[in-house]
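[1] Have a look at this prediction, sequence included:
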Amino acid sequence: MREIRLSGSEGGGAKPIASPYPYPGSVPTIFVAANVNLHRARPWHRFDFSHNLDNDRAISRQVIMERTKNTIQVNCIVNDEAKTFDAHPMARLLDVLREQLQLTGTKEGCGEGECGACSVLLDRQIVNSCLVPIGQINGAQITTIEGVASGDQLHAVQQAFIDCGGAQCGICTPGMVLAAVDLLERNPNPTETDIRNGLAGNLCRCTGYMKIFESVVRACKTK
Ligand code: FES
Ligand code: FES
C-alpha cells in the first residue's frame, strides 16, 4: 500500500481574500472566507484575535471581546436539536460547543486552523470550528462528533476506526471521523488519493496515519 502523506497545508480551499482589517469597523477575513468556502477554513483565513498561538494573541482576543461586551442571540440546529443561546459574536464556535453546549467531543489542538481536531460539519460542510465566529452560525445546522451515530448504531466510519485501530490517544479522532464522514457523503467511492485529500486537513501525532487510512477504506466497504 502506498504511503499516505497528510499535512495541514494540502487539499482544496478558498484562496486568500482581501478584506478590510482590523475589527471593529470592517468585516474580518473570516466572515468573508466562511461565506465563500466553508469546505475547510484554512490557515490563511486567520485573524489575529481568533486564536491562541501565544498569550499576547489570546489576550488580544479577550480584550476585544471585553471591549464590546454585547452578546447576540443565536438560533441554530446542533445535532438535530434546536438551540438558542447568547454569545459574543466573536466567540469561537469551538468554545461555544464545548463550554456552553457541553459538547466536549470536539477537541482543540492548535487553535489556529492547522490540525483539524476541532472539525465539525456546518451546513454539511466541514470547517475548523476554532476559526468560525459564532456570529456566522445563526440559522445554521451543525453536526459534531456526538451527532454522527444514530442512537446506539455507530456510523460505519466510527465502527471502522474501532475495528482497524484508527484511534490511539483520541484527540484527533473526532475530527478524523467527521472528515471521513464528510468525504463519504460527497464521494461514496473515493480513490486512495481522494481519501488522502479528504483527510489532508487533519493531523495525528499517534497513529502514523496508516490505520486511519485503513479505517476509511474499511468504512467504504461496509457502509
Ligand atoms: S484546533 Fe482548530 S484546527 Fe487545530
Ligand atoms: S490518535 Fe492521538 S493524535 Fe491521532
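    Okay, I see it. Residues are numbered from 1 along each chain as shown. Ligands and ions are numbered 1, 2, ... in the order given.
[2] Which residue ranges of the protein form helices?
    With helices called from DSSP state H, the chain shows them at 29-36, 55-67, 93-95, 156-164, 173-186, 192-198, 210-222.
[3] Now render these as TSV, adding mean neighbour count and mean pLDDT.
    Glycine gets a C-beta too; all of them are placed from N, C-alpha and C. Shown next, in TSV, are those (neighbours: other C-beta atoms under 10 Å; pLDDT from 0 to 100):
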stretch	mean neighbour count	mean pLDDT
helix 29-36	19	39
helix 55-67	13	67
helix 93-95	23	97
helix 156-164	19	97
helix 173-186	24	97
helix 192-198	18	96
helix 210-222	20	96
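[4] Which one, of those helices, ends up nearest to ligand 1?
    With respect to ligand 1, and counting by C-beta to the nearest ligand atom, the nearest of those is helix 93-95 at 6.4 Å.
[5] before we move on, back to that, among the helices of the chain, which is nearest residue 144?
    Between residue 144 and the helices of the chain, the shortest separation by C-beta to C-beta is 7.5 Å, and it involves helix 173-186.
[6] what about that closest one, distance to the chain center?
    Here the centre of helix 173-186 is set off from its chain's centre by 10 Å, with C-alpha atoms, centre = their mean, to the nearest Å.
[7] At the geometric centre of the chain, which residue sits there?
    residue 119 (1.9 Å; C-alpha atoms, centre = their mean).
[8] separation between that one and residue 207?
    Between residue 119 and residue 207 the distance is 16 Å, computed by C-beta to C-beta, to the nearest Å.
[9] next one: residue 107
    Applying C-beta to C-beta, the value for residue 107 to residue 207 is 15 Å.
[10] Check residue 149 too.
    Computed with C-beta to C-beta, the distance linking residue 149 and residue 207 is 21 Å.
[11] Show me which of these two is the more surrounded one.
    residue 207 (20 against 13; other C-beta atoms under 10 Å).
[12] I figured residue 140 hits residue 78, correct?
    No - with contact taken as C-beta atoms under 8 Å, residue 140 and residue 78 are classed as non-touching, separated by 9.2 Å.
[13] residues from this structure in reach of ligand 2?
    With C-beta under 6 Å from any ligand atom as the criterion, the chain meets ligand 2 at residues 167, 168, 169, 170, 171, 172, 173, 204, 205, 206, 207.
[14] So how do I select the buried members of these in PyMOL?
    Restricted to buried positions by 16 or more other C-beta atoms under 10 Å, the PyMOL selection for these reads:
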select buried, resi 167+171+172+173+204+207
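[15] The residues of the chain next to ligand 2 in strands, which ones?
    Judged by DSSP state E, strands contain none of these.
[16] Any chance of a markdown table for the residues of the chain next to ligand 2, columns distance to residue 196?
    Written out in a markdown table, the entries for these read as follows (distance: C-beta to C-beta, whole Å):
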| residue | distance to residue 196 |
| --- | --- |
| 167 | 19 |
| 168 | 20 |
| 169 | 22 |
| 170 | 22 |
| 171 | 21 |
| 172 | 15 |
| 173 | 18 |
| 204 | 13 |
| 205 | 18 |
| 206 | 18 |
| 207 | 14 |
